[in-house]
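> Sharing a sequence plus its predicted fold:
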Amino acid sequence: MTPQQDTGMELRDLLADPDFPTRPRRLRDPHQYVEAVSRLARVFAEQPEAVLQELVEIAVRYCGADSAGISLEEILPTGEKKFRWVAIAGSFAQYLHGTTPRFFSPCGTCLDAERPQLYRVTQPYYDFLGVTADEITDGLLIPWINEFHRGTIWAIAHHSREAFDLEDYRLLSTLADFASMALRHQQQQQLLREQEKLAAATARSNELAHLINNPLQSLVNTLYLAQHAGPAGEPWVKEALDQLSVLSRLVSQLLDISPRVPNKEDAHSMAA
């Protein structure tokens, strides 16, 4: 890999790398791939909120990684883009929910290329982030993209320059698909809940609109009588004030029913 000068980041297209396919393959249980995917499917069905963490724990366990994580691209209200580590296992677990800049990140390069990357990280990059961590001597980055989110899944080693092989890449690619599917599912569920809230709010608004109509008509009639009653109109004025108070309470209830319909920008800002 050719390092970018003084950045502390080294990246190379995994699929175009001539040396990666020839790396020695570790001995593995022939059933571990099926076991990993089966376990993941069970968690997805039974505990969907835990699936992202299960993904990265599988990556650590079956790829022999020192750490693995999922980086989710976020768009801040200012328009700035960042990556948030929404799930981490292993040596980097302390950085869960931490962020890195989108414009200066191995994950950013991976997403821009939409290709898996081999990468290493040395001290200058950590100095830029202002963190203390072990250097990454070997790492895999796999991009994933759906209509709601963009991000990467990664596995890293701290003590070997050839820690991962083709089998690790294949497993991590499958985990990337699961990550995309899980976050897409979570977003769809969130949108469904918002739509249900909106439907309930619309029904309640229609109900209140009908309730408002009666006191509104009464108020109009009472004000008419008060206007034409001359000095004897004081009781009508009092009645009008009472009706106005009722109307005000109903209008306040109506204004409280104002759920906002989520848009695509909201989807980018939500975390798993």
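It's in.
> can you pull out the strands in the stretch 101-250 of the chain?
Using DSSP state E, counting those that start in this stretch, the strands of the stretch 101-250 of the chain run over residues 117-121, 136-145, 150-157.
> export those strands to a markdown table and tack on mean pLDDT?
Listed next are these as a markdown table, based on pLDDT from 0 to 100:
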| stretch | mean pLDDT |
| --- | --- |
| strand 117-121 | 96 |
| strand 136-145 | 95 |
| strand 150-157 | 96 |
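> among those, which is the most enclosed?
Comparing these by mean neighbour count (mean count of other C-beta atoms under 10 Å), strand 150-157 ranks first with a mean of 27. C-betas here are computed from N, CA, C, even on glycine.
> hmm, who's touching that one?
Contacts made with strand 150-157 from outside it, assessed by C-beta atoms under 8 Å, 6 or more residues apart in numbering, are listed as 55-56, 59-60, 63-73, 83, 86, 92, 106-107, 110-111, 136-144, 163-164, 168, 172, 175-176, 179, 183.
> which intervals of the stretch 51-200 of the chain have sub-threshold pLDDT?
The model of the stretch 51-200 of the chain has no residue with pLDDT under 70.
> ok, now with 90
Within the stretch 51-200 of the chain, the segments meeting pLDDT under 90 span 51, 76-79, 101-104, 127-132, 145-149, 174, 177-200.
> for it, what spans make up the helices?
Secondary structure of the stretch 51-200 of the chain (DSSP state H, counting those that start in this stretch): helices located at 51-63, 106-113, 123-129, 166-228.
> Rebuild the ones you listed as JSON lines, extending it with distance to Arg39 and mean neighbour count.
As requested, the helices of the stretch 51-200 of the chain are exported to JSON lines (distance: least, C-beta to C-beta, whole Å; neighbours: other C-beta atoms under 10 Å):
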{"stretch": "helix 51-63", "distance to Arg39": "7", "mean neighbour count": "23"}
{"stretch": "helix 106-113", "distance to Arg39": "26", "mean neighbour count": "20"}
{"stretch": "helix 123-129", "distance to Arg39": "33", "mean neighbour count": "15"}
{"stretch": "helix 166-228", "distance to Arg39": "11", "mean neighbour count": "16"}
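> export those helices to a markdown table and tack on distance to Ile156?
Listed next are the helices of the stretch 51-200 of the chain as a markdown table, based on distance: least, C-beta to C-beta, whole Å:
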| stretch | distance to Ile156 |
| --- | --- |
| helix 51-63 | 10 |
| helix 106-113 | 10 |
| helix 123-129 | 13 |
| helix 166-228 | 11 |
